[in-house]
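Colleague: I would like to see how this sequence folds:
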Amino acid sequence: MRSALAFLAAAILVAFAVAAPPASRAAEPPVDLALVLAVDVSRSITDDEFKLQRRGYANAFLDSRVLRAIAAGPNRAVAVSYVEWSSVDEQDLVVDWMVIRDGESAAVFADRLLAAPRSFFSRTSISAGIDFSVQQLARSGVAADRHTIDVSGDGTNNAGRAVTEARDAAVAAGITINGLAIINEHPDNPYVMSHVQPPEGLPEYYRQNVIGGVGSFLMVVQDFDSFAEAVTQKLVSEIAGLQPVRERFAARGRRQ
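Modeller: Purely as a prediction, here's the structure:
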């Protein structure tokens, strides 16, 4: 009972914070989407794979398909922040909130992203990454039609509170969590094999435990080399408020 009340209280506080941006920025023009890109940089991600992730996100925002999706929205703008996460106390706001309206603002975002060093190299707390991302939405200072956290990673939650608890609190606050599950068949350290390849498979793990909320979806990347194209397709779908054609999955029991 006490746990349920605590969960309800946390959800109410998060909902209020997300719905009411800081007064100093509340007068800014609204955007179609406030999006937190929450990216796994735990120790199962090698330096080469990390570089592919970074370049994938940077190049995606410069892609003409993404820019067209932004321009097609009612407000013709999205607000984006980029978060890297690893263990429980390891979350970093790599690129703070930026409003992207065109190729020029997208290029600034990409440059800032590529210039930043890698944040962490530790365990995998998806739950702490989600909690931190919720906090970023609360402090974004932008009025947005939709609030989304996009979690990308190659393994299961192995630190911090249960990822389902973090997901459920975010969903209760009206936030959608989408997923990008990266299949890692050859991790550098063989001891993490069960972490990157759980018995049910990483895609099913993400469907059951990570994604949720209105219109949530999962995309699966078969290897890091195909990461950039997958990110581009995902961003187009998220910005347009659509689900990708191939993967129309929501966390079981969490689709609204």
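Colleague: confidence score at the residue nearest to the spatial centre of the chain?
Modeller: For the chain, the residue nearest the mean C-alpha position is residue 150 (2.0 Å; CA atoms, centre = their mean). With respect to pLDDT, residue 150 scores 96.
Colleague: do the same with residue 9
Modeller: 43.
Colleague: go on, residue 235?
Modeller: 96.
Colleague: Thought residue 60 was touching it, still the case?
Modeller: Yes: if you go by CB atoms under 8 Å, residue 235 and residue 60 touch, sitting 5.3 Å apart. C-beta: built from backbone N, CA, C; applies to glycine.
Colleague: Can you pull the residues that touch both of those two?
Modeller: Applying CB atoms under 8 Å, 6 or more residues apart in numbering, one finds that residue 235 and residue 60 are jointly contacted by residue 66.
Colleague: the strands in the stretch 151-256 of the chain, which residues?
Modeller: Counting by DSSP state E, counting those that start in this stretch, the stretch 151-256 of the chain has strands at residues 176-182, 218-221.
Colleague: again with the stretch 1-150 of the chain
Modeller: 33-40, 78-85, 91-100, 147-153.
Colleague: could those go into CSV alongside distance to residue 210?
Modeller: Shown next, in CSV, are the strands of the stretch 1-150 of the chain (distance: least, CB to CB, whole Å):
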stretch, distance to residue 210
strand 33-40, 10
strand 78-85, 13
strand 91-100, 16
strand 147-153, 6
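Colleague: ok now do residue 196, which residues does it touch?
Modeller: Residues in contact with residue 196, defined by CB under 8 Å, 6+ apart, are 44, 154-156, 184, 187, 202.
Colleague: now do 6 Å
Modeller: 44, 154-155, 184, 187 (CB atoms under 6 Å, 6 or more residues apart in numbering).
Colleague: Same check on residue 130?
Modeller: Contacts of residue 130 by CB under 6 Å, 6+ apart are 166, 170.
Colleague: try 8 Å this time
Modeller: 38, 149, 151, 163, 166-167, 170, 177.
Colleague: do the same with residue 118
Modeller: Taking CB under 8 Å, 6+ apart as the test, what residue 118 contacts is 41, 47, 50, 84.
Colleague: export these to CSV and tack on distance to residue 230?
Modeller: Formatted as CSV, the contacts of residue 118 follow (distance: CB to CB, whole Å):
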residue, distance to residue 230
41, 18
47, 20
50, 16
84, 18
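Colleague: nearest to residue 195, of the residues you listed?
Modeller: residue 41 (14.7 Å; CB to CB).
Colleague: So what's the residue count around the closest one?
Modeller: 25 (other CB atoms under 10 Å).
Colleague: Tell me the confidence at the nearest residue to it once chain neighbours are set aside?
Modeller: Excluding the flanking residues, the one nearest residue 41 by CB to CB, 6 or more residues apart in numbering is residue 84, at 4.6 Å. Note for residue 84: predicted pLDDT of 96.
Colleague: bridging residues for residue 84?
Modeller: Beta bridges link residue 84 to residue 39, residue 92, judged by DSSP bridges.
Colleague: about what we covered before: touching, the residue nearest to the centre of the chain and residue 234? I think so.
Modeller: Yes: using CB under 8 Å, residue 150 is in contact with residue 234, at 7.0 Å.
Colleague: Can you pull the residues that touch both of those two?
Modeller: Counting by CB under 8 Å, 6+ apart, the residues touching both residue 150 and residue 234 are 178, 180.
Colleague: And for residue 117, the neighbour number?
Modeller: 6.
Colleague: returning to what we had before: indicate which one of the strands of the stretch 151-256 of the chain is closest to residue 212.
Modeller: Comparing these by CB to CB, strand 176-182 comes nearest, at 5.3 Å.
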